[in-house]
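Colleague: Structure for this input, please:
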Amino acid sequence: MEIISVIENAIFDADKVHISPICSTQSTKEVQINFLPGQMMPAHKSKNQVIIQVLLGEIHLGIEGFQKIMRIGDVIVLKPDQVHDLEALQKSIIRLTIVLQN
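Modeller: Numbering: from 1, shown residues only. I've put the predicted structure just below:
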């Protein structure tokens, strides 16, 4: 058993969004995504259901025409193949849960 601090151990890269695995189980994969202000992930999709949680900062989230500012503590569940994009409004950390089993 290990306790992982995603805030204290966060790595930010001036050239690109920093993505790193946190942990995985039989049914999920946890990923940490760190953004500096203005960094973005262009429109993309996942074949799996995903859960996005903001741990630090503010993110602009676009989902198929829906626009939302996500703040610390906000969580959203995306269906498989739902196209989405993200842009950091502040220095931000996202926890992404990829659901491996339906």
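
Colleague: what about the strands in the chain?
Modeller: 18-24, 28-35, 40-44, 50-56, 58-63, 66-71, 75-78, 84-88, 92-99 (DSSP state E).

Colleague: Poorly predicted segments of the protein, please.
Modeller: The chain contains residues with pLDDT under 70 at 102.

Colleague: thinking again about what came up before, among the strands of the chain, which is nearest residue 4?
Modeller: Minimum separation from residue 4 across the strands of the chain (Cβ to Cβ) falls at strand 18-24, 6.0 Å. (Each C-beta comes from the backbone N, C-alpha and C, glycine too.)

Colleague: okay, how far is it across stretch 62-71, tip to tip?
Modeller: One end of stretch 62-71 to the other measures 14 Å (Cα to Cα, to the nearest Å).

Colleague: returning to what we had before: Throw the strands of the chain into JSON lines and include mean neighbour count, thanks.
Modeller: What follows is the strands of the chain, written out as JSON lines (neighbours: other Cβ atoms under 10 Å):
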{"stretch": "strand 18-24", "mean neighbour count": "13"}
{"stretch": "strand 28-35", "mean neighbour count": "20"}
{"stretch": "strand 40-44", "mean neighbour count": "12"}
{"stretch": "strand 50-56", "mean neighbour count": "18"}
{"stretch": "strand 58-63", "mean neighbour count": "18"}
{"stretch": "strand 66-71", "mean neighbour count": "13"}
{"stretch": "strand 75-78", "mean neighbour count": "14"}
{"stretch": "strand 84-88", "mean neighbour count": "19"}
{"stretch": "strand 92-99", "mean neighbour count": "20"}
